[in-house]
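[1] Structure, please.
(chains A and B)
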Amino acid sequence: MDEVPFYEKPEWADVVPIPQDDGPNPLVPIAYTKDYSTTMDYFRAICRSEEQSERALELTKIVIEMCPSHYTVWHCRQRLLKALNKDLTDELEWIKWMSSENPKSYQIWHHRQVLVDHISSVLLPASSATSETASSLITAPTIPYHELPESQQKAARDMVKVELDFIATALEEDSKNYHAWSYRQWVLTHFGQGPWWEEELSYIDGLLELDVRNNSAWNQRFYIVSTGPQGFTEEIVRREIEILHRAKHPLSEVKEFCEGLVSRTQANFSPFLHSTLLDIYEQEAKEQKKAESLSKAKSEAALLAEKIDPIRKKYWNWKKTQLNSITVEA
Amino acid sequence: MPSDQASSTTVADATTMPHEAPKEQTKFEREKHIQYLKRSLQMLPQPYTSMDTHRMTFGMFALGGLELLGVLEESVSEANRQAWIEWVYSQQRVPDSQGSPGMAAIRFIQECQTYDHGFSQSPQQESHGGSTYCAVATLGLIGGEALWDQKTMTRNVQDGEDEAAFELRKSRAGFLDKEGTRKWCLQRQTTGFQGRINKKTDTCYSFWIGASLAIMDSFDLVDFDCNRGFLLETQHKVFGGFGKWVDTYPDALHSYMGIASLSFMSEPGILPLDPLLNISKRMQERIYTQTVFWKDSR
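    Down below sits the predicted model:
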């Protein structure tokens, strides 16, 4: 920041600041610094006069750097960027810096999405059809990647690469940043069904190599597999099961595997293992009406309640009483 | 596969350590919390500037916290009460009128229920304690059919319900799998609660998840001793208030959430809390019977 605050400079002398109208006795006032409250007084003045100028744009930046969650200021900035026809590439660079300082600000991530949406709408045609992957309530048109001429396909690929690299940097800092993952899904879908979907899978492979318990990465994997352009086919499902085999969690013979694991290790320590066995036995008891399965399910519930997962003791005991409602053949 | 140190430690603790409530029970610092919340009402310190747009919410935390501690009336002078009511109304903006959000809201919530049965912030994202509370409480506020569970619904053959009618009835149920949601919530308990799978235990999730369970009439399945033990550890022993983790500074949000979470376990000195409106039961009663807001609908 400059040594002299902007409001003491001659180029701001014509502006009459408007103080915050908080009434005589407001609820939970905040102990603002003098600098913040004066800056906001000038911002209010610029808002009221609807001034469209470089200095107004600069002022929004000053406020945002003091209070990045101030959505009114962000909105004002977006209108100014458009009115002044600014080069948005510079804006993206600034956002890169802002998001590294404030990785959990909804407004910063949203601003980036607004910018990229705008840039892409100028460069590339949007499809009138809605995306198949989008929820029925979110009907944002996506870009028909495969119908574009090569030059535009390349522009799309370049933009996606810049965005995915930018997000990857944020995920290096915090691999579970909800905003980053949310924006990543938007980028993947917005630009249509390009080659980045395939590459996304190897990116996820890498994250899971680093931390197999990164639930955000698993969620993204499910997103790619279930909504990607290749479709949620038998073949894809088989491939995914194969990957779980590699992670030593075969699903194909879950029951045999789980029982084998229990008998081999003799170590009753995993609530997830026994919870899975409980589910399997419960299913068997319901479908095959086998008394043996029901009794095994109850033993698992008792084991979980008493030994393996006592923090959920009340839940497992409740589960056991629920099992009593299953009818089996004697 | 190798895994990073932090998360492997967390999981090892959850799965191999014998379960035990903290041995030395710290006491609930009721008086200090009252002082902390009263100070917040007077003036929030400078770092709250970055949350300038959320002042109303912090006002709610301070007033709501004092109400749960049973001292709201005595803590606020009549002059302040009138002035603050004026201040709150002065912030009101009349929104553009919109259609009834009922079915659209239910459909959106259904789409936010994920493959692990928690709820995400929008479709396809990761399930999260905060959005799970928003989803479950919304279904609870809509009430009736919105709280049904699609998974356990069966076609009414005797009454001649055909497939189409059954599908239509099913579409009004807010939960795709309510038992799944209940289990997802309970699986988040470590000592207190985490907000997502393999994340850190944090004071506020005792509220987000605890309240979700309370709305599903399942709060009694929580391990009270462990939850209470964690919450008492996150109290600030000198300033009062609660932080998000043990040894973090207190803030208004976590202070309110800590007190509210203890209310679900009937902590002495805290009034009962309604998990749907997130206010004390006695205030809920007052809103239902003595204000215009509920007059026609209840």
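
[2] right, and the helix or strand after whatever helix or strand residue B:40 lives in?
    Using DSSP states H and E, residue B:40 sits within helix B:30-42. Moving toward the C-terminus from helix B:30-42, the next helix or strand (DSSP H and E) is helix B:55-68.

[3] Could you tell me the average pLDDT over the helix or strand just after that following helix, please?
    Heading C-terminal from helix B:55-68, the first helix or strand you meet, by DSSP H and E, is helix B:72-75. Mean pLDDT, helix B:72-75: 96.

[4] Helix or strand with the lowest mean pLDDT in chain A?
    Scoring the helices and strands of chain A by mean pLDDT, DSSP states H and E places helix A:234-246 at the bottom, with a mean of 80.

[5] now check that one, is it near chain B?
    No - Helix A:234-246 stays clear of chain B (Cβ under 8 Å from any Cβ of the partner chain), getting no nearer than 8.5 Å. C-betas here are computed from N, CA, C, even on glycine.

[6] mind saving the C-alpha coords of the helix or strand that comes right after that helix as PDB?
    Next helix or strand after helix A:234-246 toward the C-terminus (DSSP H and E): helix A:254-265. Output of helix A:254-265 as PDB, limited to C-alpha atoms (Å, rounded to 0.1, in the frame of the first residue of the first chain):
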ATOM      1  CA  VAL A 254     -16.500 -58.800  -0.900                       C
ATOM      2  CA  LYS A 255     -17.900 -61.300   1.500                       C
ATOM      3  CA  GLU A 256     -15.200 -63.900   1.100                       C
ATOM      4  CA  PHE A 257     -12.600 -61.200   1.200                       C
ATOM      5  CA  CYS A 258     -13.900 -59.600   4.400                       C
ATOM      6  CA  GLU A 259     -14.400 -62.900   6.100                       C
ATOM      7  CA  GLY A 260     -10.900 -64.000   5.000                       C
ATOM      8  CA  LEU A 261      -9.400 -60.800   6.300                       C
ATOM      9  CA  VAL A 262     -11.100 -61.300   9.700                       C
ATOM     10  CA  SER A 263      -9.900 -64.900  10.000                       C
ATOM     11  CA  ARG A 264      -6.400 -64.300   8.800                       C
ATOM     12  CA  THR A 265      -5.600 -61.200  10.800                       C
END
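
[7] what ranges do the helices span in the stretch 151-298 of chain B?
    B:163-171, B:178-187, B:203-215, B:224-233, B:252-263, B:281-290 (DSSP state H, counting those that start in this stretch).

[8] pLDDT below threshold where in chain B?
    B:1-25, B:96-101, B:295-298 (pLDDT under 70).

[9] Swap in 50 and give it another go.
    Applying pLDDT under 50 to chain B flags the ranges B:1-19, B:298.

[10] center of it - which residue?
    residue B:208 (3.1 Å; Cα atoms, centre = their mean).

[11] quick one: it and residue B:132 touch, right?
    Yes - assessed by Cβ atoms under 8 Å, residue B:208 is found in contact with residue B:132 at 6.8 Å.

[12] Rebuild the helices of the stretch 151-298 of chain B as TSV, extending it with distance to residue A:209.
    Formatted as TSV, those follow (distance: least, Cβ to Cβ, whole Å):
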stretch	distance to residue A:209
helix B:163-171	41
helix B:178-187	25
helix B:203-215	29
helix B:224-233	32
helix B:252-263	35
helix B:281-290	50
